[in-house]
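# following is a predicted model, sequence given first.
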Amino acid sequence: MMRHLRILSLVFLVCTLAACGFQLRGAYNLPEHLSPLYLDKDSMSLLLYKELRSTIRASGAELAEDEATAASVLTISREQKTRDVISVDSLGRAREYRLIYRFTFTLQASGDAVIDKSNIQLTRNLLFNPEAVLGVAEETENIYRDMVRDGTGLVLLRLQALE
């Protein structure tokens, strides 16, 4: 009897999730009027370009090889990685940093009309250990890489909302 109840509960849960429109995070549905989309590679870092390209392809949208054949163009400007000191120790040395990654993206239609222009800013905190300087440098790069990935997701969420 308990086994049947568990199976019934599992079936009910699966049906409920399917009925509510649940989608895994990272599944983006870009509007068809944006496709094919051209990424202006010269306006962004290589890491951001690779993340955008792979995420857009995974969403099923078509990417254009050149700007002339594209329905829309995505351009990145003012891409910056900075850090601020949050706290210091008793000797005045930095102990904690705030890492900041920001950029502006512009989406233009083929007729040069701006569809969307938005600023993205992500922040993370980093504890600095003076005994492990190399480890902190590697951790800093890993955090910036994660922020680029998160920034890519935010861009695609905004593009998805343009329907």
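Everything's here; your move.

# in the top helix by length along the chain, what counts as buried?
Counting residues, the longest helix in the chain under DSSP state H turns out to be helix 133-160. Neighbour-count burial for helix 133-160 flags 136, 139-140, 143-144, 147-148, 151-153, 155-156, 159-160 (criterion: 16 or more other C-beta atoms under 10 Å). Any C-beta I mention is one placed from the backbone N, CA and C, and that applies to glycine too.

# just the pLDDT for the closest residue to Asn29 other than its chain neighbours.
Of all residues not flanking Asn29 in the chain, Gln160 sits nearest, at 6.0 Å (C-beta to C-beta, 6 or more residues apart in numbering). Per-residue confidence at Gln160 stands at 87 (pLDDT).

# ok, Val133 next?
Val133 is given a pLDDT of 69.

# same deal with Glu141?
93.

# before we move on, what about Phe22?
Note for Phe22: predicted pLDDT of 53.

# where does this protein have low pLDDT?
Scanning the chain for pLDDT under 70 picks out the ranges 15, 17-27, 133.

# picking that back up, possible to save the buried residues of helix 133-160 as JSON lines with distance to Leu39?
JSON lines is the format used below for the buried residues of helix 133-160 (distance: C-beta to C-beta, whole Å):
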{"residue": "Val136", "distance to Leu39": "32"}
{"residue": "Glu139", "distance to Leu39": "29"}
{"residue": "Thr140", "distance to Leu39": "26"}
{"residue": "Ile143", "distance to Leu39": "24"}
{"residue": "Tyr144", "distance to Leu39": "20"}
{"residue": "Met147", "distance to Leu39": "19"}
{"residue": "Val148", "distance to Leu39": "14"}
{"residue": "Gly151", "distance to Leu39": "14"}
{"residue": "Thr152", "distance to Leu39": "11"}
{"residue": "Gly153", "distance to Leu39": "16"}
{"residue": "Val155", "distance to Leu39": "11"}
{"residue": "Leu156", "distance to Leu39": "12"}
{"residue": "Leu159", "distance to Leu39": "12"}
{"residue": "Gln160", "distance to Leu39": "16"}
